[in-house]
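Sequence first, then the predicted structure:
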Amino acid sequence: MNKKNCLTIGMIALFALSFVLPQAAADEFYQGKTIRVAVGFAAGGGYDTYARAITRHMGKHIPGNPSFVVENMDGAGSLIAANYTYNKAEPDGLFIGVWNSAFVLYQALGDKAVRLDAKKLSWIGAPVKGSPSCSVMAFT
């Protein structure tokens with residue numbers, strides 16, 4: 001085998017390993033672990049229902065197949081959960097906070113009750129697309 005073929009095979013092997021090694025590390029990290037999901041609203045509401053429905057299936061899509069536990073941390077329109085997510089939860093990959101995303105706007109507008117920096121949080125997504133609206137009747 002000439003030098004060019006050896007180099008090509010070596011590059012292909014390195015390329016393939018670049019996909020295998022992160023998967024193996026993630027498998028090892030999440031194997032046997034539990035991911036806590038703190039929902040900022042009471043049990044039975046919309047946010048809680050979404051969190052519980054999604055977490056039933058998330059473990060199958062994460063390497064290592066971790067289990068999930070949903071905890072309700074209601075109060076102040078989910079502000080308690082939002083502040084907990086940023087200030088108290090361990091940034092170890094085993095915590096998800098589910099709270100009203102309007103706090104990102106409130107934080108940007110300088111609301112002192114919102115004690116988080118949205119730019120430093122990692123966002124996973126949302127189960128639905130929100131379409132906020134405001135209506136006013138003409139006679140008001």
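Here it is on my side, so go on. These numbers come from a predicted model, not from an experiment.

How about the contacts made by the most centrally placed residue in the chain?
The residue lying closest to the centre of the chain (Cα atoms, centre = their mean) is Ile124, at 3.9 Å. Residues in contact with Ile124, defined by Cβ atoms under 8 Å, 6 or more residues apart in numbering, are Ile96. Yep, even glycine has a C-beta here, placed from its N, CA and C like the rest.

Which helix or which strand is home to it?
Using DSSP states H and E, Ile124 is not contained in any helix or strand.

List phi and psi for it.
Dihedral angles phi and psi of Ile124 (degrees, to the nearest 10) take the values phi -90, psi -50.

Arg56 now?
Dihedral angles (degrees, to the nearest 10) for Arg56: phi -60, psi -30.

returning to that earlier point: model confidence score at the residue nearest to the centre of the chain, please.
You'll see Ile124 listed with a pLDDT of 86.

now it: how far from Ser67?
As judged by Cβ to Cβ, to the nearest Å, Ile124 and Ser67 stand 17 Å apart.

Just the C-alpha atoms of stretch 89-101, please, in PDB.
Output of stretch 89-101 as PDB, limited to C-alpha atoms (Å, rounded to 0.1, in the frame of the first residue of the first chain):
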ATOM      1  CA  ALA A  89     -29.500  24.400  39.700                       C
ATOM      2  CA  GLU A  90     -26.200  22.600  39.000                       C
ATOM      3  CA  PRO A  91     -25.000  23.200  35.500                       C
ATOM      4  CA  ASP A  92     -24.200  19.500  35.100                       C
ATOM      5  CA  GLY A  93     -26.400  18.500  32.200                       C
ATOM      6  CA  LEU A  94     -29.000  16.800  34.500                       C
ATOM      7  CA  PHE A  95     -31.500  19.700  35.000                       C
ATOM      8  CA  ILE A  96     -34.100  21.200  32.800                       C
ATOM      9  CA  GLY A  97     -36.100  24.300  33.800                       C
ATOM     10  CA  VAL A  98     -39.600  24.800  32.300                       C
ATOM     11  CA  TRP A  99     -40.900  28.300  32.800                       C
ATOM     12  CA  ASN A 100     -42.500  31.200  31.200                       C
ATOM     13  CA  SER A 101     -40.200  32.500  28.400                       C
END
